[in-house]
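Trainee: Fold the following and give me the result.
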Amino acid sequence: MAWMFLYIDRSITGPVVAWMIGSDIPMVSGSSMPHALGGLIGGMFFAGYMLTQYPAGYLGDRYGRKSMVFLSTLLAAVATFLTGMARSFHTFVAARVLTGLVEGAYYSNDRALIASTTPAEKKGMAMGVIFSGLAVGLTIATLLTPHILGWASEWMGQEAWTLPFFLFSAPTLLVALGVWRHVRPATGERQRVGPAAVRLVAYSAVLLAILMAVFIALQDSGVAELVQVGAVALTALALIAVIYHRMGRRSAAVLRDRDLVLMYLSAVPILYALWFFGFWALLVVSESASIGLDGAALYAAFFGVANGLGYPLGGYITDKGAARGWRSKRSYVGLCLLVAVLVMVLGAYLGTGGSDYSVIGMLIFAIGLPFSAMQTVHMTITSDLAPPEQMGQAFGMWNLVAEFGALLSPVVAGFLRDLTGSWAPPVLGTGTLLAISAVLVLLVRR
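Mentor: Model prediction:
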């Protein structure tokens, strides 16, 4: 449930931005490259999200992973509500960055909590089943948000974009309370919510101030959106260098292990692809097939539906393979190359003028199934390589590095769409990156 609502809270940004572009909302309508600007809004969420990954894993290892999962969900509800309260472009972006910062505390602690409480022979399936909440959330956000916006626009006008944030913040709050009451921590793990909350809030406040100062300065300078996201990425790299310097000695095993570093780098294309489809699938279908957002929603949601089936499938493949002595990295490479080929097929179809929404929808589904399965395999390999006592930090670093893909994906894809007038180039670029991911995992020795 927590994964589902956290993913709804982050995924509604894509449909909201798509509606803003189509409805000439002032926040984006004044730009000569609205898709690039919309992608920049989406990317700023991940600028925040990536920077709390590793520190939150450290806090979870120190103060309790259940505490961090609870705090992340609770604060995400607050930040999502604040997004709906925004009335200017800068406050809207700031609220999305804040949502990213607090949601960033969830992943590393969730993965570590599962790895530490699940029998080894069932770890892959557990990773996949829990992660299926992500797919459900993505599906709900893609399918329902356009209809909510269409209904709300009749009586809220241009303010209709705020309603999805208000609607979904309330159940997120209830889920946070359920997490605290029902989730069981690892045996002997002490929960210290107070100290964890103080450090997470303080850390998030400092990073929010830095990221927004850079963002506003770039906006005022008038440079292109692609330059802006590059500057934000460089800022994130500088902050990561500070984190590495402060924590590197205590966490050398997860920061300097060659195989783990390869896993971190190979995850960048995974998150790039996830958030290309997660953010832009609605407009890929709508603009390529020349149908409205409401009509495109069903076909774009096929990606989330396929993910819901694929995550447990990846867990099954991993667990069965381990029982038979198969190496998980071969499973990952095979699945990843399959996805890369399917993405290339979609790109070629769009590039030759293909516009049948049923064909596009079927290809999106065909991509989503093995794509989500390979993610589960990738996470299981990472957990097998990481020291058990630093599992949270390992998954935190995995997601920190991987989120560079999520940061760049919406704006780079949007820029290419504005530049070429077609979704084919961004799709083909995504397929190329996935092939690179397969090569990197092949280089893992253990």
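Trainee: Could you list the buried residues of stretch 18-29?
Mentor: 18-23, 25, 27-28 (16 or more other Cβ atoms under 10 Å). C-beta: built from backbone N, CA, C; applies to glycine.
Trainee: same deal with stretch 110-119?
Mentor: Neighbour-count burial for stretch 110-119, with 16+ other Cβ under 10 Å as criterion, is recorded at 110-118.
Trainee: mind checking pLDDT for S383?
Mentor: The model reports S383 with a pLDDT of 83.
Trainee: can you check V136 too?
Mentor: On the pLDDT scale, V136 gets 91.
Trainee: and it, what does it touch?
Mentor: 4, 7, 304, 308 (Cβ atoms under 8 Å, 6 or more residues apart in numbering).
Trainee: give me that answer again for 10 Å
Mentor: 1, 3-5, 7-8, 304-305, 307-308 (Cβ atoms under 10 Å, 6 or more residues apart in numbering).
Trainee: Just to be sure, which of those are found in strands?
Mentor: The members of the contacts of V136 all map outside strands under DSSP state E.
Trainee: from the chain's centre, how far out does stretch 374-393 sit?
Mentor: Relative to the chain's own centre, stretch 374-393 is displaced by 18 Å; criterion: Cα atoms, centre = their mean, to the nearest Å.
Trainee: Okay, buried residues for that stretch please.
Mentor: Neighbour counts using 16+ other Cβ under 10 Å place 374-386, 390-393 of stretch 374-393 among the buried residues.
Trainee: Point out where the stretch 151-300 of the chain drops to low pLDDT.
Mentor: In the predicted model of the stretch 151-300 of the chain, residues 186-188, 243-244, 246-252 satisfy pLDDT under 70.
Trainee: redo that, cut-off 80
Mentor: 183-190, 240-256 (pLDDT under 80).
Trainee: Do a quick rundown of the helices in it.
Mentor: When secondary structure is read from DSSP state H, counting those that start in this stretch, the stretch 151-300 of the chain shows helices at 163-182, 193-221, 225-247, 252-255, 258-289, 293-300.
Trainee: among these, which is the most enclosed?
Mentor: Most buried of the helices of the stretch 151-300 of the chain, by mean neighbour count (mean count of other Cβ atoms under 10 Å): helix 258-289, with a mean of 24.
Trainee: quick check: angle from that one to helix 293-300?
Mentor: 140 degrees (axes from the mean of the first three to the mean of the last three Cα atoms, to 10 degrees).
Trainee: what distance separates helix 258-289 from the centre of its chain?
Mentor: In terms of Cα atoms, centre = their mean, the gap separating the centre of helix 258-289 from the centre of its chain is 8 Å.
Trainee: Start at 3, not 1
Mentor: I'll keep to 3 as the first residue from here, and by that count the last item is helix 260-291.
Trainee: Please name the nearest non-neighbouring residue to A199.
Mentor: L73 (5.5 Å; Cβ to Cβ, 6 or more residues apart in numbering).
Trainee: any idea which element that neighbour lies in?
Mentor: Here L73, judged by DSSP states H and E, is contained in helix 67-87.
Trainee: Go through the helix or strand following that helix and flag the buried ones.
Mentor: Downstream of helix 67-87, the next assigned helix or strand under DSSP H and E is helix 91-105. Burial within helix 91-105, assessed by neighbour count using 16+ other Cβ under 10 Å, is assigned to 91, 94-105.
Trainee: quick one: which of these is nearest to I362?
Mentor: Checking these against I362 with Cβ to Cβ, the nearest one is R98 at 27.8 Å.
Trainee: ok, the closest one to T15 distance?
Mentor: Noted for R98: a distance of 6 Å to T15, by Cβ to Cβ, to the nearest Å.
Trainee: Common neighbours of these two, please.
Mentor: In contact with both R98 and T15: 43-44, 46-47, 85, 167, using Cβ under 10 Å, 6+ apart.
Trainee: circling back to that earlier point, pLDDT for the buried residues of helix 91-105 - can I get that in TSV?
Mentor: Formatted as TSV, the buried residues of helix 91-105 follow (pLDDT from 0 to 100):
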residue	pLDDT
F91	93
F94	96
V95	97
A96	98
A97	98
R98	97
V99	97
L100	98
T101	98
G102	96
L103	96
V104	96
E105	95
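Trainee: Inside strands: which ones of the buried residues of stretch 376-395?
Mentor: Among these, no member falls in strands (DSSP E).
Trainee: In the stretch 3-152 of the chain, mark out all the helices, start to finish.
Mentor: Under DSSP H, counting those that start in this stretch, the stretch 3-152 of the chain gives helices at 4-13, 15-24, 28-31, 36-53, 55-65, 67-87, 91-105, 109-119, 125-158.
Trainee: Now list the buried members of the shared contacts of R98 and T15.
Mentor: 43-44, 46-47, 85, 167.
Trainee: from those residues, which two are the most distant?
Mentor: It's M46 and F167 that sit farthest apart of the buried ones among the shared contacts of R98 and T15, by Cβ to Cβ, at 15.4 Å.
Trainee: returning to what we had before: which among the shared contacts of R98 and T15 gets closest to V287?
Mentor: G44 (17.3 Å).
Trainee: Skipping its backbone neighbours, what lies nearest the closest one in space?
Mentor: In this structure, G44 finds its nearest non-sequential neighbour in P412, 3.6 Å apart by Cβ to Cβ, 6+ apart.
Trainee: Who are the contact partners of that neighbour?
Mentor: Residues in contact with P412, defined by Cβ under 10 Å, 6+ apart, are 15-16, 19, 37-38, 40-48, 231, 274, 277-278, 280-282, 428.
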